[in-house]
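> need a structure here:
(one chain, ligands or ions: 1)
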Amino acid sequence: MKQPVRVTVTGAAGQISYALLFRIASGSMLGPDQPVILQLLEITPAMGALEGVVMELNDCAFPLLHDVVISDDPEVAFKDTDYALLVGARPRGPGMERKDLLEANAAIFSTQGKAINKVASRDIKVLVVGNPANTNALIAASNAPDLDAGQFTAMTRLDHNRALSQLAEKTGSHTTDIKRMTIWGNHSNTQYPDISNATVKGEAAAAMVDQAWLEENFIPTVQERGAAIIKARGASSAASAAAAATDHMRTWALGTADGDWVSMAIPSDGSYDIEPGIMYSYPVTCKDGKYTIVQGLEISEFSRSRMDATEDELRQERAAIEHLLS
Ligand code: NAX
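Purely as a prediction, here's the structure:
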């Protein structure tokens, strides 16, 4: 059995975490031979609820769960941690403008970025789930100058999984038959789910569906899926978000399958003419704990315009909080 690793989860008493913590503790994220120590962060008023979640974690008697630490102090929760899943965020309140939302979250993610910089493992891998996820990740990274910005990522894996599910249903296949799905850009309704390079059982997916279905059905369904779930369930996606967060970290740590890739929002490096300075979702392969952007894909005019639109939105988000970046 390996030495335990430390995994921090913020917003640990919230609804995503209620599904996420149990997956991590059961080994779904890092494998059945990797013990974990959970370090859970909440705001002070939620500490009582968090204690209840810890009682349930203990009651599962998970063989891989070695210890659980809870705190409302980021420097305790991020101490020596190897993996951090930043789930807690400020939701949009009544009458709150988008700019206010960005600023409220900027305060949270700059504090957490500073704490990570100060106390976390130098090899930490950070996933931001809390919205607006891409820009929150940018803020956290910019407040952690001693770490590589590439150690900070944001989640578009839920969008990726939603796209797999939609295409599988349309083509009468299983999600595991589909390879090389891509989500470009922001985790928002400007994201561009792209099947140009996807295959279904080895055949080009684009040849199996028509452009009208793509433009009128597939792309808007994936872009608006979060809203559809809120409408149906009366609450935002939680279990599927937890599953996607687990997938994101597992792939990053343990690697992608041969011939396939996943989508991760990472610091743009100029690839595909997306200017540096934002967290943009790209197709990536992962190996030995590192991700690499898939290069050399042909970009059609249609794709280009969608990729540029979601880049523009990320630039606007950045402009709204630019004064808070260090
Ligand atoms: P909940 O409101 O159920 O839970 C959030 C928890 O975070 C609360 O318990 C709150 O006390 C805590 N919190 C707030 N500020 C904190 C801070 N400074 N430090 C530590 N904890 C703090 O929300 P939930 O449904 O769990 O969603 C969490 C976030 O995920 C939201 O921002 C949501 O928009 C976002 N999502 C992101 C998705 C993605 O694909 N990237 C999909 C699902 C989800 O919508």
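> So what's the predicted local confidence for the residue of the stretch 51-200 of the chain found nearest the ligand?
Residue nearest to the ligand within the stretch 51-200 of the chain (CB to the nearest ligand atom): residue 88, separated by 2.7 Å. (Glycine included, C-beta is placed from N, CA and C.) Predicted confidence (pLDDT) at residue 88: the value is 98.
> Quickly note the distance from it to residue 76.
For residue 88, the distance to residue 76 (CB to CB, to the nearest Å) stands at 15 Å.
> Contact partners for residue 303?
For residue 303, the contact set (CB atoms under 8 Å, 6 or more residues apart in numbering) comprises 184, 192, 194, 196.
> Revised request: answer the last question for residue 98.
Residue 98 neighbours (CB under 8 Å, 6+ apart): residue 320.
> swap in residue 107?
residue 324.
> Quick check: phi and psi at it.
phi -60, psi -40 (degrees, to the nearest 10).
> Please apply the same query to residue 36.
phi -130, psi 150.
> If you tally nearby residues, what's the number for it?
When neighbours are defined as other CB atoms under 10 Å, residue 36 has 23 of them.
> who's it bridged to?
Counting by DSSP bridges, residue 36 is bridged to residue 5, residue 65.
> More neighbours: residue 88 and residue 76, which one.
Higher neighbour count among residue 88 and residue 76: residue 88, with 23 against 15, using other CB under 10 Å.
> so which strand or helix has the more buried one?
Here residue 88 sits in a region with no helix or strand, counting by DSSP states H and E.
> now swap in residue 53 and tell me
Counting by DSSP H and E, residue 53 is part of helix 47-59.
> and that helix, how far from the chain's centre?
Distance, stretch centre to chain centre, for helix 47-59: 24 Å (CA atoms, centre = their mean, to the nearest Å).
> Also stretch 181-189?
The answer for stretch 181-189 is 11 Å, by CA atoms, centre = their mean.
> list the buried ones in that stretch?
Judged by neighbour count using 16 or more other CB atoms under 10 Å, the buried positions of stretch 181-189 are 181-188.
> Which ones among those map onto strands?
182-184 (DSSP state E).
> what residues are up against residue 83?
Counted by CB under 8 Å, 6+ apart, residue 83 has contacts 5-8, 29-30, 124-127, 249, 253.
> any idea how far residue 30 is from the ligand?
20 Å (CB to the nearest ligand atom, to the nearest Å).
> Any residues of the stretch 51-200 of the chain in contact with the ligand? List them.
With CB under 6 Å from any ligand atom as the criterion, the stretch 51-200 of the chain meets the ligand at residues 87-91, 108, 129-131, 133, 155, 158, 187.
> which of those residues lies closest to residue 21?
Checking these against residue 21 by CB to CB gives residue 87 as the nearest, at 9.9 Å.
> what about the strands in the stretch 151-300 of the chain?
152-154, 178-179, 182-184, 192-194, 199-200, 203-204, 262-267, 279-287, 290-293 (DSSP state E, counting those that start in this stretch).
> Throw those into CSV and include mean pLDDT, thanks.
Rendered in CSV, the data for those read as follows (pLDDT from 0 to 100):
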stretch, mean pLDDT
strand 152-154, 98
strand 178-179, 98
strand 182-184, 98
strand 192-194, 98
strand 199-200, 98
strand 203-204, 98
strand 262-267, 99
strand 279-287, 98
strand 290-293, 98
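> Tell me which of those strands sits most buried.
Most buried of the strands of the stretch 151-300 of the chain by mean neighbour count (mean count of other CB atoms under 10 Å) is strand 152-154; its value is a mean of 29.
> Can you read off the pLDDT for the residue in the chain that the ligand sits nearest to?
Taking CB to the nearest ligand atom, the ligand has its nearest neighbour within the chain at residue 14, 2.0 Å off. On pLDDT, residue 14 comes in at 98.
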